[in-house]
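# Requesting a structural model of the entry that follows:
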Amino acid sequence: MSGTNRQIRLARRPVGELQPEDWAHVTEPAEAPGEGRFAGRTRYISLDPAMRGWLDDRPSYLPPVGLGEVMRAGSVIEVTESDHPGFRPGDHVVGTFGVQEYVISDGRGTLKVDPSRAPLSTYLGALGMPGMTAYFGLLDVGALKEGETVVVSGAAGAVGSLVGQIAKIKGCRVIGIAGGPDKCAVLTDELGFDAAIDYRAEDVRKALRTHAPDGIDVYFDNVGGEILEAALGRLAMRARVVICGAISQYNNETAVHGPANYLSLLVRRARMEGFVVFDYSARYGEAAREIAGWIAEGRIKVLEHVVKGGVDDFPATLGMLFRGENTGKLVLDLT
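This is a model prediction of the structure:
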């Protein structure tokens with residue numbers, strides 16, 4: 001392979017909000033694949049709130065991205081050269097290939113995908129990690145039952161939008177919490193949520209009393225902070241609180257704000273449980289098949305926010321997540 005490979009590397013550990021100086025824009029020669037490996041060109045890069053946590057040097061479910069390393073990211077690549085028996089030029093492959101134009105892989109931890117069955121970007125969203133997270137977080141961790149009341153924060157995001165739609169498919173009442181009237185309108189008018197709460201303009205505690213008068217059976221939390229505290233105050237008996245993320249806290253320069261009213265869990269005999277989607281990797285096929293079926297039947301609408309650009313646009317595009325500028329799954333399109 002000839003040519004160059006543009007990469008985004010971590011230049012320094014961010015403090016608070018991400019800054020341009022946190023990143024290094026690097027150009028290297030593009031490598032040839034070598035025996036047992038294949039080379040590919042990046043087509044789509046996934047942008048996810050969890051990326052912020054990967055930049056901090058502290059214990060987590062994955063090691064932090066090292067200083068000077070290519071930024072970790074899921075992506076879809078198109079194979080351009082191959083000396084691997086399982087891959088050939090023209091194949092499309094999903095994997096954690098990082099923020100770079102060209103990749104070399106031995107195939108481990110990757111999955112071939114078919115662009116004739118779904119748009120390639122969807123393999124990073126509804127048929128990728130966000131879809132798996134919504135499915136297992138709601139149905140397994142949340143132990144959802146028909147007829148229950150479900151509240152999801154970050155409801156217009158990649159995971160939250162799917163959580164609400166799956167809950168509706170399962171016969172539940174669904175209330176979404178999102179920022180701004182446009183996002184709330186998408187939830188109710190396009191995705192079929194029963195109600196939406198604009199946390200920027202409404203008193204969330206009061207709105208939850210209105211929309212969930214009998215309490216919340218499952219609260220799926222993507223934001224943490226004050227909204228988590230408000231939801232804990234409205235739990236029904238035997239409620240389940242699913243801790244998926246806490247995007248409102250990721251840029252904190254001080255300790256994460258935890259709920260002061262956690263004793264609501266005791267009073268309501270409820271449970272609060274965190275999870276990491278990788279624990280369900282053996283069952284991804286099960287979830288993908290069911291979600292794909294729901295999409296084909298028109299029961300799930302895929303929300304994607306696709307930004308056209310190059311590798312160098314990654315830092316600015318990532319910042320959109322933490323300013324609440326995306327609706328649905330945020331993807332950087334390099335095609």
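# Show me which positions of the host helix or strand of N5 end up buried.
In this assignment (DSSP states H and E), N5 forms part of strand 4-10. Neighbour-count burial for strand 4-10 flags N5, R6, Q7, I8, R9, L10 (criterion: 16 or more other Cβ atoms under 10 Å). In short, each C-beta sits where N, CA and C put it, glycine included.
# show me the contacts for G233.
By Cβ atoms under 8 Å, 6 or more residues apart in numbering, the residues touching G233 are R205, L208, N261, S264.
# can you rerun that using 7 Å?
G233 sits next to R205, N261, S264 when contact means Cβ atoms under 7 Å, 6 or more residues apart in numbering.
# what about R205, which SS state?
Here R205 is helix, with the state taken from DSSP: H, G, I helix; E, B strand; the rest coil.
# out of everything not next to it in sequence, what's closest to it?
Closest residue in space to R205, ignoring its immediate chain neighbours: A230 at 4.7 Å, by Cβ to Cβ, 6 or more residues apart in numbering.
# picking that back up, just the closest of the buried residues of strand 4-10 to L124, please.
Of all the buried residues of strand 4-10, I8 has the smallest distance to L124: 16.9 Å, by Cβ to Cβ.
# is that closest one in a bridge, and if so with what?
On the basis of DSSP bridges, I8 takes part in beta bridges with H25.
# how many other residues sit next to K308?
By the measure other Cβ atoms under 10 Å, the count of residues near K308 is 10.
# That one contacts L332, doesn't it?
No - with contacts counted by Cβ atoms under 7 Å, K308 stays clear of L332, the gap being 8.2 Å.
# Out of the contacts of G233, grab the one that's most surrounded.
Going by other Cβ under 10 Å, S264 tops the contacts of G233 with 18 neighbours.
# Quick check: closest non-adjacent residue to that residue.
L232 (4.5 Å).
# From Y123, how far off is that neighbour?
As judged by Cβ to Cβ, to the nearest Å, L232 and Y123 stand 35 Å apart.
# Among these two, which residue is more densely surrounded?
Y123 (26 against 23).
# Contact partners for that one?
For Y123, the contact set (Cβ under 7 Å, 6+ apart) comprises V76, V94, V113.
# Just say helix, strand or coil for the second one.
It refers to V94. Secondary structure state of V94, per three-state DSSP, is strand.
# How about the first one?
Three-state call for V76 (three-state DSSP): strand.
# Run a quick neighbour tally on it.
When neighbours are counted by other Cβ under 10 Å, V76 comes out with 29.
# who's it bridged to?
V76 has these beta-bridge partners by DSSP bridges: Y44, V94.
# do the last one as well
Per DSSP bridges, residues listed as beta-bridge partners of V113: H92.
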